[in-house]
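Asks: A structural model of the following input is requested.
(2 chains)
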Amino acid sequence: MESLDGTDWDVLIVGTGLSQSLLATALSRSGKKILHIDKNDYYGGSEAAFSLQEAEGWSRSVAKDGSSSTTFANVSIHQPEGSETDLTKLLSSRAYSLSLSPQLIYTRSRILPILVSSKVHRQLEFLAVGAWWVYTPGNSAEKLSGNSSQSRSGTAVGHGALNKVPSGREDIFAAQDLDMKAKRSLIKFLRFIGEYEEQGEVWEAHSQAPFSTFLSEQFRIPVALHASLLALTLSSLDADHTTTEFALPRIARHLRSIGSLGPGFGSVIPKWGGLSEVCQVGCRAGAVGGAVYVLGNGLAGPVIDEHPSDGATTETATSSDHLMVVLKDGESVKTRWIAGSRTPQPTEPQICSKSITIVSSSIEALFPPIAEGAPKPAGAVVFFPSGSLVPPDEEDAAPTLSSVYVFVHSSDTGECPANQSILYASVALAGDKAVNLLDKAVQSLLSSVNAQPQPAILWSLRYEQRSQLTQRSQLTQRQENLASTRTASLDQQILVFPPTSLDLAFDDSVLDQVKGVWRTIVGDEGGDFMVFEDREGAGADDEGGEL
Amino acid sequence: MADSGATSAPKPSSSVKLVLLGEAAVGKSSLVMRFVNNDFQENKEPTIGAAFLTQKCNLPTRTIKFEIWDTAGQERFASLAPMYYRNAQAALVVYDITKASSLQKAQHWVAELQRQASPGIVIALVGNKFDLASANPASDTSTGGDDADATATAEEEEDVDGESDARKVPTKTAKAYADEEALLFFETSAKTGLNVAEVFTAIANAIPETSLKGPRGVGGQTNLGRQEDSARVNLTGANVQGPKEGCAC
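Replies: Numbering: from 1, shown residues only, chains lettered A, B, ... in the order given. I've put the predicted structure just below:
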């Protein structure tokens, strides 16, 4: 490796997570001299995607880092002892690309037009998320008598059922299990949410009340239908703590997104491993712009995480406008700006547990066609409402009420081979309770889809992730983040992104943070954010469809 | 350049991500420029970081759209390679036939690709600067130049009259290695255009025509040809995707 210290860098970007990678793209035409480093030997940071082997390496390195990496903890890999045939179904390590960031991207998210205007979308493919399902636990006595022949899937629970969330008025009218009164109340609610902002009188009095209570009191929506609407909030809290104020904008976002990129679907996922792919493409754009990339080399000290009181600074001002920082390999680097992301502190209360499960079935039943003229769905969402998963230890005094989400990705995502699928499960809890709930959710999902032969778990990964949850309205959140970008900076020249959000949908506030940092670096002369011409030779050809 | 540029309507089309790897100044960018623009530039500046270009290749039964990632050969950009060969269906590993060390570097890249890239990746080993070999009037001037930032490619010296053969890597040696590792093998000249289109056509032909899902390699199979399938969401313009085959409607 040539030395990096002979250069006066304009910007040192630390880490290749999503914010930093988007920043690399934003700066790729700025003419700035950019050094982009990552302490890991892979791209993507908290948004990385792994082969099986890489996942094992990651699991070991998180265990080894222990205290220094507080984003992830308690990573463990499980390969169930199954029959010979099941085990042989797990293919070679690199046949998988397991995402640490399987977030949905709503089709109205501002990230999509930004990827298009910056021209990096040419290297990305997006796939539609189709059906949303709500799990209802079965009546165990009834199910055991009626359905016991084939169903010894390892749990003592009866089969639950997955019910599809109606995705629009047509669905509601067509639903056979709804009476006219329920249909009318639902339609009335949908009409309201279409312009809820203008109808403060309907909901503002309820803003801090549970959303469920609001649905019952204001719209007389039967309790049985609440879960379908709660599912659309992607709230990680239980029903009692999901407030009206939180739920309304998120349901509105969901419904308003449907149809904007094609009929019948409202969200997409990037192919090849979630947001990891966006990170890669962002860094590539940086590289094409001339940035130098160095993997396996980070900052030697806690320049970014450090609190002003800590004292032991590794950076010293060498001149009025350059900082000198030391990298892990001992090299000193001179740079005008440093941009990186803050690691969550161990005290940070926002934590969730996640699991990634490789399943020996394509689970076609979860991927019905979306609509006439719509792309084939590659993702599905399964919502397990509060209390729908019976705690495994029945004597548990306080039943676990957290809701669980499982994102199901088909092999069309390129994340697994054909005839398999990946389940990404998440719950806002830590510890054994969380592990049990996630396992229960996966088991319940597999036993309720009626796939023959019964889908088997081939491999699974569990971990805990710490960050900050978005539980406020988008707008306040955005303002707070902008403020924190500034105040968290030790110095005017150290620009800090907050930790990766745990939100299950892509959080647009990331874009505001990137834009803020970009603007600070390029100043007012920097032109429009992420609006670029195609580079020579890389343009659109005869495919059409360009606007 | 019989295989590029033309457009044809009804043939199935698939995108193939191709990455170029190799030591600095072996002529990676010149090969791409010959392929994409049918052009050659003396004294080309070294590639900084990377470049991205696209070009179509028309086969009798289908069209392959190459998405070409041209990487800088300098060591300081070595950390770039993993993000380029990730999900790549094809790799072109280039060495300079007038520089023995460049073949060693190529062999390192091949080993890394075999270890890290998609299991079914199609790899072509290409010895460039054939115009400097004995069959051609060749320069006797320096072909070493280990300086990673060397801007002088050997092609620029070709016009100097000289008797000696600048070739340092015998065809037989490289061919034997390529056969052993099951690589496609060509000697090319970006300057004269020799074999350039052939390399890309050979790669296009080696990408299996398949509609298998799970575009990464499955077991020993290669099924990396990304189909322009019915699942892709169009981000630009009106949604032009009508129902197609493969849609389970």
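
Asks: Following element in sequence after the top helix by length along chain A, please.
Replies: The single longest helix within chain A, with elements called by DSSP state H, is helix A:431-448. Next in sequence after helix A:431-448, counting helices and strands by DSSP states H and E, comes strand A:457-467.

Asks: in what helix or strand does B:Phe52 lie?
Replies: Taking DSSP H and E as the definition, one finds B:Phe52 inside strand B:50-58.

Asks: can you give me how far that strand is from the chain middle?
Replies: Mean-position distance between strand B:50-58 and its chain equals 10 Å (CA atoms, centre = their mean, to the nearest Å).

Asks: what sits against the residue nearest the centre of chain B?
Replies: In chain B, the centroid-proximal residue (CA atoms, centre = their mean) is B:Leu92; its distance is 3.3 Å. Going by CB atoms under 8 Å, 6 or more residues apart in numbering or on different chains, B:Leu92 touches B:Leu18, B:Val19, B:Leu20, B:Leu21, B:Lys28, B:Leu31, B:Ile123, B:Ala124, B:Val126, B:Val199, B:Ile203. Just so you know, the C-beta spots here come from the backbone N, C-alpha and C atoms, and that holds for glycine as well.

Asks: make it 6 Å
Replies: Going by CB atoms under 6 Å, 6 or more residues apart in numbering or on different chains, B:Leu92 touches B:Leu20, B:Ala124, B:Val126.

Asks: Output the longest helix of chain A in CSV with nothing but the alpha carbons.
Replies: As requested, the backbone C-alpha atoms of helix A:431-448 are provided in CSV (Å, rounded to 0.1, in the frame of the first residue of the first chain):
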residue,chain,number,x,y,z
GLY,A,431,-32.2,-11.2,26.0
ASP,A,432,-33.7,-14.7,26.2
LYS,A,433,-37.2,-13.5,26.0
ALA,A,434,-36.5,-12.0,22.6
VAL,A,435,-34.7,-15.1,21.3
ASN,A,436,-37.7,-17.2,22.3
LEU,A,437,-40.2,-14.8,20.6
LEU,A,438,-38.2,-14.7,17.4
ASP,A,439,-37.9,-18.5,17.4
LYS,A,440,-41.6,-18.8,18.1
ALA,A,441,-42.4,-16.4,15.3
VAL,A,442,-40.4,-18.3,12.7
GLN,A,443,-41.8,-21.6,13.8
SER,A,444,-45.4,-20.3,13.8
LEU,A,445,-44.9,-18.8,10.4
LEU,A,446,-43.5,-22.0,8.9
SER,A,447,-46.3,-24.1,10.4
SER,A,448,-49.0,-21.8,9.2
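
Asks: about what we covered before: just among the contacts of B:Leu92, which is most surrounded?
Replies: Highest neighbour count within those: B:Val126, with 29 neighbours (other CB atoms under 10 Å in any protein chain shown).

Asks: wait, that one sits on B:Glu187?
Replies: No: in this structure, B:Val126 is not within contact of B:Glu187 by CB atoms under 6 Å, at 7.5 Å.

Asks: Name whatever forms a beta bridge with the residue nearest to the centre of chain B.
Replies: According to DSSP bridges, the residues that bridge with B:Leu92 are B:Leu20, B:Ala124.

Asks: what does the stretch 51-200 of chain A have sitting close to chain B?
Replies: Proximity of the stretch 51-200 of chain A to chain B, by CB under 6 Å from any CB of the partner chain, involves residues A:Leu91, A:Ser92, A:Arg94, A:Ala95, A:Leu112, A:Val116, A:His121, A:Glu125, A:Phe126, A:Leu127, A:Ala128.

Asks: would you turn those residues into JSON lines with neighbour count and distance to A:Leu504?
Replies: Output for these, formatted as JSON lines (neighbours: other CB atoms under 10 Å in any protein chain shown; distance: CB to CB, whole Å):
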{"residue": "A:Leu91", "neighbour count": "22", "distance to A:Leu504": "28"}
{"residue": "A:Ser92", "neighbour count": "16", "distance to A:Leu504": "30"}
{"residue": "A:Arg94", "neighbour count": "20", "distance to A:Leu504": "27"}
{"residue": "A:Ala95", "neighbour count": "25", "distance to A:Leu504": "26"}
{"residue": "A:Leu112", "neighbour count": "22", "distance to A:Leu504": "17"}
{"residue": "A:Val116", "neighbour count": "19", "distance to A:Leu504": "24"}
{"residue": "A:His121", "neighbour count": "18", "distance to A:Leu504": "23"}
{"residue": "A:Glu125", "neighbour count": "25", "distance to A:Leu504": "21"}
{"residue": "A:Phe126", "neighbour count": "25", "distance to A:Leu504": "17"}
{"residue": "A:Leu127", "neighbour count": "25", "distance to A:Leu504": "17"}
{"residue": "A:Ala128", "neighbour count": "27", "distance to A:Leu504": "17"}
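
Asks: Of these, which belong to strands?
Replies: Assignment to strands by DSSP state E places the following of these there: A:Phe126, A:Leu127, A:Ala128.
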